[in-house]
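In: how would this look folded up:
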Amino acid sequence: MDVFKLRNDLINDYSSYVLSFLQIQDKRIHDYVINEMNDGLYWPEPLIQLNPEYEKGMFVFQMVEEGILHSECRKIF
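Out: Numbers count the residues shown, from 1 in each chain. Next comes the predicted model:
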């Protein structure tokens, strides 16, 4: 899956939807709104982040055995 293509397709579809009922009579305001839409005001650039790998800790049963967690946690988790 190309997530960037998906994003662009989604924006194009949403933009078409918004424009289908947008009826601004004043040409200056209409042009301003269209320019802002075309410049990406309503849809920011994609954000890509990496999730850090967290240090692995103890298992639930180990924490129960050490008294860190209540014994019921073994049953629940």
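In: From here on, just use CA atoms for contacts and neighbour counts.
Out: Will do.
In: Model confidence for V3, exactly?
Out: pLDDT recorded at V3 is 83.
In: Then N8?
Out: So N8 comes in at 89 (pLDDT).
In: Then I34?
Out: 90.
In: Okay, it and V18: tell me how far apart.
Out: Note on I34: its distance to V18, by CA to CA, to the nearest Å, is 11 Å.
In: Which one's more surrounded, those two?
Out: I34 (16 against 12; other CA atoms under 10 Å).
In: which SSE is the more buried one in?
Out: helix 27-38 (DSSP states H and E).
In: As a check, name the ranges of all helices in the protein.
Out: For the chain, the helices defined by DSSP state H cover 3-21, 27-38, 60-65, 72-76.
In: Let's have the ones you listed in a markdown table, adding distance to N51.
Out: A markdown table is the format used below for those (distance: least, CA to CA, whole Å):
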| stretch | distance to N51 |
| --- | --- |
| helix 3-21 | 17 |
| helix 27-38 | 31 |
| helix 60-65 | 23 |
| helix 72-76 | 27 |
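In: which one of those lies closest to L47?
Out: Closest to L47 of the helices of the chain is helix 3-21 (CA to CA; 10.5 Å).
In: Return the distance of that closest one from the chain's centre.
Out: With CA atoms, centre = their mean, to the nearest Å as the basis, helix 3-21 stands 15 Å off its chain's centre.
In: buried residues in that helix?
Out: S15 (16 or more other CA atoms under 10 Å).
In: So the residue lying closest to R7 once chain neighbours are set aside versus V33, what's the distance?
Out: Once flanking residues are discounted, R7 sits nearest to P46: 7.9 Å by CA to CA, 6 or more residues apart in numbering. Noted for P46: a distance of 22 Å to V33, by CA to CA.
In: out of those two, which sits in the more crowded spot?
Out: Applying other CA under 10 Å to P46 and V33 shows that V33 carries more neighbours, namely 15 against 10.
In: Show me the residue at the heart of the protein, geometrically.
Out: Closest to where the C-alpha atoms of the chain average out (CA atoms, centre = their mean) is L47, at 8.5 Å.
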